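**Student:** Okay, here's the prediction I keep looking at, along with the sequence it came from:
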Amino acid sequence: MLEQFFPSVITDCVRFHVAAKRYLCATKPSYFDRLSAASVHTLELQGGPMSADEVAEFAQNPNLKEIIAVRYLDEAGKRAGMETPRLLALCADGPAHGGSAPRSLISRRGQSVALPAQIR
């Protein structure tokens, strides 16, 4: 459903959020070591770290870099006391960028990504 409004890089970051955790736990032991007890528990409920075959298949996703980056950002966002910008600060045509009504977000690459009319 979201594919009609957003490019695959956005929807894949959401769709594969749990898979990214499983992938990182299978490929980066230091990632697993940082997980809270609750995260280790949910990892087991989610299937545990990926098998070698699952890792190989997941690594073929053309949006792998972005999926993993969002997973790391999610983990970083759990830091107590962390300050985050308001959504409007990230909008290409919001008040922070001289506009008045946000219609798009600025992507990591500096490109605008249109917001669906339903959420403007």
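**Tutor:** Done, it's in.
**Student:** host element of the nearest residue to residue 35 once chain neighbours are set aside?
**Tutor:** The spatially closest residue to residue 35, leaving aside those adjacent along the chain, is residue 43, at 6.8 Å (Cβ to Cβ, 6 or more residues apart in numbering). Glycine gets a C-beta too; all of them are placed from N, C-alpha and C. With elements taken from DSSP states H and E, the one containing residue 43 is helix 37-45.
**Student:** Please point out which parts of whatever helix or strand comes next after that helix sit buried.
**Tutor:** Remark: after helix 37-45, the chain's next helix or strand is helix 52-58, criterion DSSP H and E. Within helix 52-58, the residues scored as buried using 16 or more other Cβ atoms under 10 Å are residue 58.
**Student:** what about helix 52-58, average pLDDT?
**Tutor:** Helix 52-58 carries an average pLDDT of 98.
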